[in-house]
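Engineer: Quick check, what structure comes out for this input:
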Amino acid sequence: MLSAALTVILPAQEVLRGQVWVELEPVPGQFIDNPAPPDMQTLRRRALEEASLFFSAMIYGWSFHYDIGERVRGIREELELEPQGTIAWGDPGLFATDAGLRDKRFYVWADFRPNDAQQRRLSTWKTGTVRSAQAIGHGPLGGPVEIDDWVSIKQAALEDAARQAIRTMLRGSERNRPKAAEGFICLAEFPSFRMDTGRWTASGRFRVNITEVTPFAAY
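Structural biologist: All right, here's what the predicted structure looks like:
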């Protein structure tokens, strides 16, 4: 009697990938209390902490409330971002797949394998009224930093880029300048960073879903 083996082909699991880098030498305004280059373990952790931030922003994103601001009316511009979830350093889905030293920097390629719930969240960012926007933001270089501060400093520039992305989206969709807007925003891919005139510059592509716009006429 002949028997046949049944082969079941499962869908391939989506893998997110991106590259981050850490300076080996002191950056002006940073690491001044410890001028020696960090050891490899510290460099690797800094890189993966940063990668965790970006993967969290890609999968979960933020909810936002944005007061657009207007000088004539004395209204200050202000963006409130609330993370919708986080991926911690050490998450079992996070891997450093390749690393190396180049141009006085430590480069790491990081992979993240989202679970089923995280894959469903990813799919929601690609449907409905979600639109894409490219933006550039800025943040200070900061002072002497430890691991968590390194991430916070880069995050400040990234969040400023998110503000610019929301502002760009509103300019394209609203005929009259609104007072405020609410919605959700996420990273579409890893951002790029560079140091420029004493500050960090972050360039990123975002997905934005504006759920509510408040006109000045409402006040």
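Engineer: For the closest residue in space to residue 19 that isn't next to it in sequence, which residues count as its bridge partners?
Structural biologist: Of all residues beyond its chain neighbours, the one nearest residue 19 is residue 109 (5.2 Å), with distances taken as Cβ to Cβ, 6 or more residues apart in numbering. (C-beta placed from N, C-alpha, C; glycine too.) Beta-bridge partners for residue 109, by DSSP bridges, are residue 19, residue 98.
Engineer: Am I right that residue 109 is in contact with residue 99?
Structural biologist: Yes. Counting by Cβ atoms under 8 Å, residue 109 touches residue 99, with 7.3 Å between them.
Engineer: what sits against the residue nearest to residue 19?
Structural biologist: By Cβ atoms under 8 Å, 6 or more residues apart in numbering, residue 109 lies in contact with 17-19, 96-99.
Engineer: How far does stretch 188-200 stretch from one end to the other?
Structural biologist: 20 Å (Cα to Cα, to the nearest Å).
Engineer: can you pull the buried residues of it?
Structural biologist: Neighbour-count burial for stretch 188-200, counted by 16 or more other Cβ atoms under 10 Å, picks out 188, 190-191, 193, 199-200.
Engineer: mean confidence score for it?
Structural biologist: In this model, stretch 188-200 has a mean pLDDT of 90.
Engineer: For the residue nearest the centre of the chain, which three-state class applies?
Structural biologist: When Cα atoms, centre = their mean is applied to the chain, the residue found nearest the centroid is residue 54 (4.1 Å). Of the three states, residue 54 takes helix according to DSSP: H, G, I helix; E, B strand; the rest coil.
Engineer: Check residue 87 too.
Structural biologist: Going by three-state DSSP: residue 87 is coil.
Engineer: Please list all residues in contact with it.
Structural biologist: Counting by Cβ under 8 Å, 6+ apart, residue 87 touches 52, 55-56, 59-60, 93-94, 112.
Engineer: any idea whether residue 203 is helix, strand or coil?
Structural biologist: Under three-state DSSP, residue 203 falls in the strand class.
Engineer: how much space between it and residue 96?
Structural biologist: As judged by Cβ to Cβ, to the nearest Å, residue 203 and residue 96 stand 23 Å apart.
Engineer: Work out the gap between stretch 162-169 and the centre of the chain.
Structural biologist: Centre-to-centre, stretch 162-169 and its host chain are 14 Å apart (Cα atoms, centre = their mean, to the nearest Å).
Engineer: What is the distance between the lowest-mean-pLDDT helix or strand in the chain and the centre of its chain?
Structural biologist: Lowest mean confidence among the helices and strands of the chain (mean pLDDT, DSSP states H and E): helix 147-173, at a mean of 85. From the chain centre to the centre of helix 147-173 is a distance of 8 Å (Cα atoms, centre = their mean).
Engineer: Now the element after it, going C-ward?
Structural biologist: Following helix 147-173 in sequence order, the next helix or strand is strand 180-187 (DSSP states H and E).
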